[in-house]
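Peer 1: got a predicted structure here, sequence first:
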Amino acid sequence: MNGSPLDRRRFLNTAVLGTATAVVGATALGSVAPEAAFAANRPDGVGGGDLSAPDPNFAEGRITGITGSMLMVAGSDRTLHRIRLTAATSVWKLRPTTLDQAKVGDGLYARGVRMGDGTLAADAVWLNIVNLVVHISSIGRDVIHFDHHGDRVVGHVIAGTTAAVYNDTPAVNDLSLLKVGGHAQVIGAWRPDTNEVDIATVYAAA
Amino acid sequence: MVAWITSLLPAVVGGVLVWAGAFKLAGRRAAAVARRGALPGLVGKDRAVPVYRAVGGVELAVGALLLLPPVAAADAVASTVLCVGFLGFLGYSRAVAPESSCGCLSDKHTPVRWRSFARAAVLAVASGLALLGTAHWVDAVASRPAAAVAVLLGAALVVVALSEDLDGYWLMPLRRLRVRLRHPLGRTAAAGFDVPVASSVQQLLRSPAYLAAGGWVRSDLLDTWDEGEWRILNYAARYGERQATAVFAVPRTRYEPAEVRGALVDEADRSVLWQHAQEPVPA
């Protein structure tokens, strides 16, 4: 519907960077103030409802099957989810990627809107994402060993992807300020059924 | 020669046992360690701490017997039995609660792994060999002081190397030193000034443009590419009932959240629904 990907990019570039773009009367569609977006009537039900009930618009578990753009997921509480992905669904697996990177056995978090037929129409899917608070127990070439409450976790450094955030400053590629013995928080992609993760971002003090 | 070395072994085994026993009896957090280990599963929750303390008492007594004269075969037999018993307990821990702490020598949480087994085995073998000793270890040291110090030091090094609880005192400083001399990831610093996408996303999240449009954004980052000095980030959005795309342009190599541009577009009919109006820059 949008022509070639290159054409699409060109269009989006113009939309955001162009100065003479005609804006279709946004105000005709209602208030443009951010409060309006955050107010009630969000389709995901945020902002009201029973807080103790499980969030119907969230799913977590392991992928047990992939049929076209539908993921079958077994939750850790044994709930079975069917998760539908569209072109507007973001898929994260160490980096923004696409559905074809999803594999049976991957862990998954998904957020979206629960449809009438019980499927979750996903807005965003995160595959194998982990968030670990660790100690750095040793540093090698392309690898950082972590101590996670006494368990060993092997963190793989992926050139060009792994970033570090030191003292809340903007993320950088430079990992040379990491210290053995230091605390760190690691966002990464778990390699299923191992104690290894590919590191997306490591937060540490420098 | 063999008899001389084996005469020294009670000092090593006794030293370790006295240390372990003293920790179990007097350690400030020994009770917590007992509850955290595999002992509650073996003897029951209520009895874990008393049993742990009792084991400490036995260790201390056997250690003292080994260290103090006279030399008796019974001392070595007792410590061999004790060390074999530890091996059994480690096997039980490993099988039943692999992530539980050994609680052998310190309160540091150290799951049972091969080094714990190796240390217990070394102590058991040393205890067994101590049976061959003929003299008290103090006399053995006195007869050849330099050699004795070397043997005892070597034995202590083996025990320390096999004690995961003690890594913090020697292994970590060594690794720290190595990393300080030549950081294995040092070349990531030389990789250039490529700005990671994570950095652009951080900048976006702190920008006025995202503050205004974030409420419409439904997805995580969908796609990103660089356009000159800009990095384009786009997200799926919902605007009222309309499916839309939120597209942001973030300065690629500068940190200027105020300059981030944003637009909301409907890709179906290629209309721009909203554009972030930038604050005019004061002249």
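Peer 2: That came through, no problem.

Peer 1: chain A: helices as residue ranges?
Peer 2: In chain A, the helices defined using DSSP state H lie at A:5-17, A:34-38.

Peer 1: restricting to C-alpha, output the first one in PDB.
Peer 2: Read it as helix A:5-17. Provided in PDB are the C-alpha atoms of helix A:5-17 (Å, rounded to 0.1, in the frame of the first residue of the first chain):
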ATOM      1  CA  PRO A   5      10.400   0.400   1.500                       C
ATOM      2  CA  LEU A   6      12.700   3.100   0.200                       C
ATOM      3  CA  ASP A   7       9.800   5.100  -1.000                       C
ATOM      4  CA  ARG A   8       8.200   4.800   2.400                       C
ATOM      5  CA  ARG A   9      11.300   6.000   4.100                       C
ATOM      6  CA  ARG A  10      11.500   9.000   1.800                       C
ATOM      7  CA  PHE A  11       7.900   9.800   2.600                       C
ATOM      8  CA  LEU A  12       8.500   9.500   6.400                       C
ATOM      9  CA  ASN A  13      11.600  11.600   6.100                       C
ATOM     10  CA  THR A  14       9.700  14.300   4.400                       C
ATOM     11  CA  ALA A  15       6.900  14.200   6.900                       C
ATOM     12  CA  VAL A  16       9.200  14.700   9.800                       C
ATOM     13  CA  LEU A  17      11.900  16.800   8.400                       C
END
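
Peer 1: distance from that helix to the middle of the chain?
Peer 2: Helix A:5-17 sits 24 Å away from the centroid of its parent chain (CA atoms, centre = their mean, to the nearest Å).

Peer 1: give me the number of residues near the closest residue to chain A within the stretch 151-283 of chain B?
Peer 2: Chain A sits closest to B:Gly215 of the stretch 151-283 of chain B, with a gap of 2.5 Å, by CB to the nearest CB. No exception for glycine: its C-beta is placed from N, CA and C like everyone else's. Here the number of neighbours of B:Gly215 (other CB atoms under 10 Å in any protein chain shown) works out to 19.

Peer 1: and chain A, what are its domains?
Peer 2: A:5-127, A:129-204 (automatic domain parsing).

Peer 1: relative to chain B, which of those domains is closest?
Peer 2: Comparing these by CB to the nearest CB, domain A:5-127 comes nearest, at 2.5 Å.

Peer 1: that closest one spans what distance, first to last residue?
Peer 2: Taking CA to CA, to the nearest Å, domain A:5-127 runs 24 Å from one end to the other.

Peer 1: so which of the domains of chain A is nearest B:Gly262?
Peer 2: domain A:5-127 (6.6 Å; CB to CB).

Peer 1: now that closest one, how far from the centre of its chain.
Peer 2: That offset, for domain A:5-127, works out to 10 Å (CA atoms, centre = their mean).

Peer 1: repeat that for stretch B:233-243.
Peer 2: Centre-to-centre, stretch B:233-243 and its host chain are 44 Å apart (CA atoms, centre = their mean).

Peer 1: that one and chain A in contact?
Peer 2: Yes. Using CB under 8 Å from any CB of the partner chain, stretch B:233-243 reaches chain A at B:234-236, B:238-240, B:242-243.

Peer 1: before we move on, the earlier item: which of the helices of chain A sits most buried?
Peer 2: Of all the helices of chain A, helix A:5-17 has the most neighbours on average by mean count of other CB atoms under 10 Å in any protein chain shown, namely a mean of 17.

Peer 1: helices and strands around that one, which ones?
Peer 2: strand B:223-227, strand B:230-239, strand B:242-251, strand B:261-266, strand B:271-275 (3 or more CB pairs under 8 Å, 6 or more residues apart in numbering or on different chains; DSSP states H and E).

Peer 1: in a markdown table: these, plus mean pLDDT.
Peer 2: What follows is the helices and strands packed on helix A:5-17, written out as a markdown table (pLDDT from 0 to 100):
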| stretch | mean pLDDT |
| --- | --- |
| strand B:223-227 | 91 |
| strand B:230-239 | 93 |
| strand B:242-251 | 93 |
| strand B:261-266 | 92 |
| strand B:271-275 | 88 |
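
Peer 1: quick one: closest of these to B:Thr80.
Peer 2: Per CB to CB, nearest to B:Thr80 of those: strand B:223-227, 65.5 Å.

Peer 1: got JSON lines for the domains of chain A, with distance to B:Asp269 and mean pLDDT too?
Peer 2: What follows is the domains of chain A, written out as JSON lines (distance: least, CB to CB, whole Å; pLDDT from 0 to 100):
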{"stretch": "domain A:5-127", "distance to B:Asp269": "9", "mean pLDDT": "80"}
{"stretch": "domain A:129-204", "distance to B:Asp269": "35", "mean pLDDT": "92"}
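
Peer 1: which of the ones you listed sits most buried?
Peer 2: domain A:129-204 (a mean of 18).

Peer 1: now do that one: distance to the chain's middle.
Peer 2: Worked out by CA atoms, centre = their mean, domain A:129-204 lies 17 Å from the chain centre.

Peer 1: which positions in the stretch 51-200 of chain B make contact with chain A?
Peer 2: B:99, B:101, B:109-111, B:172, B:175-176, B:179, B:183-186, B:188-189, B:191-192, B:194-199.

Peer 1: for the helix or strand hosting B:Gln203, packing partners?
Peer 2: Here B:Gln203 sits within helix B:197-205, counting by DSSP states H and E. Here helix B:197-205 touches strand A:163-166, strand B:230-239, strand B:242-251, going by 3+ CB pairs under 8 Å, 6+ apart.

Peer 1: quick revisit: what subset of the residues of stretch B:233-243 next to chain A is buried?
Peer 2: Neighbour-count burial (16 or more other CB atoms under 10 Å in any protein chain shown) is assigned, among those, to B:234-236, B:238-239.

Peer 1: any chance of the residues you listed in JSON lines, with distance to B:Ser7 too?
Peer 2: As requested, these are exported to JSON lines (distance: CB to CB, whole Å):
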{"residue": "B:Asn234", "distance to B:Ser7": "77"}
{"residue": "B:Tyr235", "distance to B:Ser7": "76"}
{"residue": "B:Ala236", "distance to B:Ser7": "78"}
{"residue": "B:Arg238", "distance to B:Ser7": "82"}
{"residue": "B:Tyr239", "distance to B:Ser7": "86"}
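
Peer 1: if I pick A:Val130, what's in contact with it?
Peer 2: A:186-190, A:197 (CB atoms under 8 Å, 6 or more residues apart in numbering or on different chains).

Peer 1: hang on, the earlier thing: quick check: the farthest pair among the residues of stretch B:233-243 next to chain A?
Peer 2: B:Asn234 and B:Gly240 (19.1 Å).

Peer 1: pLDDT averaged over stretch B:139-151 - what is it?
Peer 2: On average, the pLDDT along stretch B:139-151 is 86.

Peer 1: buried residues of that stretch, list them for me.
Peer 2: Applying 16+ other CB under 10 Å to stretch B:139-151 flags B:140-141, B:148, B:151 as buried.
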